Every structure is written in C-alpha cells, then in structure tokens.
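Colleague: Just to be clear, the model below is a prediction. Sequence and coordinates:
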Amino acid sequence: MTVLLEVESLGKRFGGVTAVDDCSFGVPEGSVTALVGPNGSGKTTAFNLITGYARPDSGSVRFAGASIRRPDPVRLARRGLTRTFQQARVFADLTLVQNLVAALQQPWWAAVRRAVRPHERTRALELLEQFGLSALAEERAGNLSYGQKKLLEFATVLMGEPQLVLLDEPTAGVNPVLVEQIEERIRDLNSRGLTFLVVEHNMNLVMRLCDPVVVLDHGTKLAEGRPDDVRNDPRVLDAYLGG
Amino acid sequence: MSRATAASLVRGGAFAAAGIAFPFVVHAAWIVNIGVLTLMYATLATAWNLFSGYTGYISLGQVAFFGLGAYTLGISFEHFGIGSGYNPLFALPLVGAGVALASLPVAWIALRTRHMTFAIVTLTLLFVVQQLAFNLHSLTYDRPFYLAMLALLLTALAVCWIVLRSKLGLMLLAIREDEEKARGLGVRVTGAKLVAWWLSIAITAMAGGVWAYYLTFIYPESAVDPLVMIGAVLMTFLGGRGTLWGPAIGAFVLVPAQQYLLTRLGASELYLVGYSAVFMVVLLVLPRGILPSLRDAIERTRERRRTHGKRITRREAAA
C-alpha cells in the first residue's frame, strides 16, 4: 500500500511550549487513519502544520509522492489535500448552495462567470441530498444547527474532489443520529477511494472506523498500528489514564 | 434573462434616467452643485463598498487614491495640454487604471494584515500621500461636471452589480465570512482581494479626477481629506454595507442633509450637531443600515402575513 501523506519529524514550538515534537507518521492511501491523543497532545497543531495554516520549525511533509516545501492552504487544497475545522466553520451569510459552489476550484479566468452556474447548482444539490440537507439548500448557512453546520462543512470540502480529507473532530458536539450519519458518509466515501485522516475523541467510533490509529502524546507519536494493538498498548493506556 | 436580472436592469435604467434628467429639469445652480457633491460621495461610497463592503477589510486610505487621481489629472493638464471642455474627462479611464495599477504593490503589502491593523495601515497611506501633496503646487482649470460624475457613479454601480453576480463576488463574500476556511478550500484569496482593490481604486481615482476638474483647483487638504474618507465610509454603513444600492442611498440621504443644514445653520457650528443627529437617528432606527433593515422589515411583514393566512385556513379547516 502506498503512503499518501508522510509526516517526518515535524516540530513546532509556541514560545516555551513545544506543541509538536519530532513527530512522524504516515497515512496509507485508501485508509481512514485516526490521529488520537489526550487534550493538548498536538493533534490540531499537527493538522495546521500539514495543511499550511502554521509553519513548522522543523521536519517535512510529503503528499502524493511530492515534498511540500512551503505548505500553503490554497495550493494544497488545489492539489487535493483539504480539511475541516474543529468548530464547524461555514460561510454564515451565504446559502448552503453558495457555500458549496464557493468551494469549487476554478481557474482564475472563471472569476467573471456567473456565481452559481446551473450544472454547479445541480452538483451542490446532489451533495446536499447525500448529507440530508437538500431541504435547506437556499437557507442561510448561519441559520443551521451546530450538527447541520458540521455536515455542511463536510459536504463543502468534497466539492473540490480531494484525494485526502483531514477531519478535525467531525462528531464533537453532535447528536448520536448525526454521528451515525457522519460515520456512514466516511465509510461510503472511503469505499469509493477517498483517504481520510481523522482527529476524534469518540474512541468507540475510532475503533470501529479507523485503521491505522496514530496516538500522540506531548506532541510526539506514542504508538501507531491496528486499533486492537493500539488499544492494548500499555503506554497508550498510561497516557490517557495515568497522565 | 431571469426576472431578477430584468428587475435589476429596470431599477438601474430608471435611476440613470432620473439622474440624467435632473440637471435639465432643475435649473438652480446651487441645487445642481449639491447634486455633484452627492454623486461624488455616492461614487466614493460605492467604490469603497466594492472592496471593503464585500471583503470585510476596512480600508481607511482609499481617499489617498482619490487625491492621486486628482493630482494625476491636474498634472497631465499642465504637461500635456489636454485642453478644456469634455476632453480631460476622456483621459479619466487611463488615470483610474494607472493609479489603481500603481496602488497594487502597496495593497499587496497592506493585505498581509487584517482587521484593525489593516485599517491603520491604510490610514497611514492617506497621510503619506497628503504629505506628498503638500510638496506639489496648486493647480487651476475650469468647469463643473454633474454628468461626468453621474456617468462615474453608474459605472461604479454597474461594476458592483457584475461583481456581485460573478464568481469573484462569491469569492469576496467567502473571504468576508471566513477567509481561513476559504483558503483551505482552495479559493485564491489574494488574487480576488487584489482585483477588488484594483476596481475600487480605479473608480476612486477617477472620481478624484472629476472632482479636481470641477473645483478648478486642488489643495492637499481638499484632495486628500480624511473627512471625505470618513464621510464615504459613514454613508456606506448608513445605507448598508455589502449591498449594491446601500452606499449610494447613504450618500443621497447624508450629503443633501449636510448641505441643507450647512446653509441653514452654517454660521454656527450647529450644523455639525444636526448632521450627527441625522446619523444617530438612522442608526438607532435602522441599525444594520437603511437597505438591510428595510429588507428585513419587509420580509418580516410578509412572513407574518403568510403565517396569519395559514392560521385562518387552519381554522377554516377545523370549522
């Protein structure tokens, strides 16, 4: 199995705090890889470093076989690596359809075209249908519930037809029915070849859904492997329970 | 053509017709002069809205380019002998395009900052240009131009309308809503902001050119006046930031009010109190700006009527 994303000895310090420290792991192509760890273990910082929202002090990231020298969110998204945010970020004043169409990657000369063209609307409506949001297509995204915003954000990143999606706590603060729906979406998309890297605190979900599982603690990789092996690793139990 | 498009075109056409007819119907020179001032502010506010209203980047330096436009036109008078009458106005698009192009490197640097920092950085721009202008000589030429200013306002509105309907408009709104997220989706945010900036500055500089020609003289204090900037920003907020007609409406309310109060109460400083009173009242009654607040009110009434209608049918069904 080829490795789609390869993180090598990544490091990041904020003042005196070391957020990510000599961290290395890989995301196999076609997998749903989990990135777990106690609060403050550097998961979100790792996400930010990989996607170009923060600049690493050391280390390197390779995506789809190419080394990424100066990670930039715009360029990475256009190469097929995109992400969601922990707090369910949507374009609140735009409609759901506009939210999705804004995420379509266009050549620069397309900027003069109509904002939402008919085939783009069709495409957006199809995705909204899959996420059970089609009844709200023309609603302002700001009027959605938190869970619906999470779904919308998930749908939005799919518009650009990415190769790898980084989900930052996709089910945090979401009711059980929606959790099931999100899990189902991930499985379905994964079966059609999309690779995921997921930060998640819901351990039951991680154990059901993800393979491999990468455990971070204090910014460093503690364990990496199949869910069962990781679950029984004494160092992992220590990190979660012993502190 | 969709019904919404047709409605927009009709609105725009009616506005243009009324605007053109105005100086032919009204002969009092002082009223037409207020018209020129109103159109100038409406143009500035619309241009400001095109960049700051849609992207959420509050620029306080736009008037620096208003002044640069004024000086560029003035200086080309002295050196190239463009002539008089309408001739200089044909040079305007060149002035606008040129000034806007020259502003791009500055914008590129300024746009690396956000929020308050961006506002302050652009504000310093204003004072830099004003300082430069103090070192130039004052210039003189001839004739007022209501129609040129109207043409400019119509151009500004048309540009805004086209931008709002395009992918560029969608990109700008996405940037205003959440720029970080937009970047993560692959939206080319820097390019979109620079294009909006360029359009906005081009219109602003052209307005500066017409203004200089109209006044027949320019001083640094008048060409690069912070109060002009603040006026345009206030009008945009008053009319409705990020809407098509809002900034122009704001100007059409505030400028005549200001001029009226100035003539009635001009001897004392009381007119300033009256001016701010107009502003306070509108903000108290219509806090989001005239257009968005009115739109909300209309929607609420419609909603109430609809639910009211439903209740009746339900009662009828029960009976």
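Modeller: Good, I have the coordinates. Just so you know, these numbers come straight off a predicted model, no measurement behind them.
Colleague: For the rest of this, base every contact and every neighbour count on C-alpha atoms.
Modeller: Noted.
Colleague: On the three-state scheme, the residue in the stretch 201-319 of chain B that chain A sits nearest to is what?
Modeller: With C-alpha to the nearest C-alpha, the shortest gap between the stretch 201-319 of chain B and chain A falls at B:Gly242, namely 11.1 Å. On the three-state scheme (DSSP: H, G, I helix; E, B strand; the rest coil), B:Gly242 is labelled coil.
Colleague: and it, how many neighbours does it have?
Modeller: 25 (other C-alpha atoms under 10 Å in any protein chain shown).
Colleague: How about the contacts made by it?
Modeller: By C-alpha atoms under 8 Å, 6 or more residues apart in numbering or on different chains, the contact list for B:Gly242 reads B:Asn49, B:Leu50, B:Gly53, B:Tyr54.
Colleague: quick one: which helix or strand includes the closest residue to B:Met235 other than its chain neighbours?
Modeller: Leaving aside its sequence neighbours, B:Met235 sits nearest to B:Gly250 (C-alpha to C-alpha, 6 or more residues apart in numbering or on different chains; 4.4 Å). Using DSSP states H and E, B:Gly250 maps to helix B:246-265.
Colleague: how big is the angle separating the very next helix or strand once past that helix from helix B:246-265?
Modeller: Next helix or strand after helix B:246-265 toward the C-terminus (DSSP H and E): helix B:270-285. Here helix B:270-285 points in a direction 140 degrees away from that of helix B:246-265 (axes from the mean of the first three to the mean of the last three C-alpha atoms, to 10 degrees).
Colleague: Give the other helices and strands that helix B:270-285 contacts.
Modeller: helix B:226-239, helix B:246-265 (3 or more C-alpha pairs under 8 Å, 6 or more residues apart in numbering or on different chains; DSSP states H and E).
Colleague: Include mean neighbour count and mean pLDDT when you put those helices into CSV, please.
Modeller: Putting the helices and strands packed on helix B:270-285 into CSV (neighbours: other C-alpha atoms under 10 Å in any protein chain shown; pLDDT from 0 to 100) gives the following:
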stretch, mean neighbour count, mean pLDDT
helix B:226-239, 23, 83
helix B:246-265, 20, 83
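Colleague: Now tabulate those in TSV and tack on distance to B:Tyr271.
Modeller: Listed next are the helices and strands packed on helix B:270-285 as TSV, based on distance: least, C-alpha to C-alpha, whole Å:
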stretch	distance to B:Tyr271
helix B:226-239	15
helix B:246-265	5
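Colleague: how near is B:Ala110 to chain A?
Modeller: Distance, B:Ala110 to chain A, by C-alpha to the nearest C-alpha, to the nearest Å: 19 Å.
Colleague: Is the most centrally placed residue in chain B in a helix, a strand, or coil?
Modeller: Centroid-nearest residue in chain B: B:Ala45, 1.7 Å away (criterion: C-alpha atoms, centre = their mean). When classified by three-state DSSP, B:Ala45 comes out as helix.
Colleague: ok, it touching B:Ile249?
Modeller: No: applying C-alpha atoms under 8 Å, one finds B:Ala45 not in contact with B:Ile249, separated by 9.6 Å.
Colleague: okay, and the common contacts of the two?
Modeller: Joint contacts of B:Ala45 and B:Ile249 (C-alpha under 8 Å, 6+ apart) are B:Met235.
Colleague: Please report the distance of whatever residue of the stretch 1-150 of chain B ends up closest to chain A from B:Ala102.
Modeller: The nearest approach of the stretch 1-150 of chain B to chain A comes at B:Tyr54, 11.6 Å away (C-alpha to the nearest C-alpha). Going from B:Tyr54 to B:Ala102 by C-alpha to C-alpha, to the nearest Å gives 22 Å.
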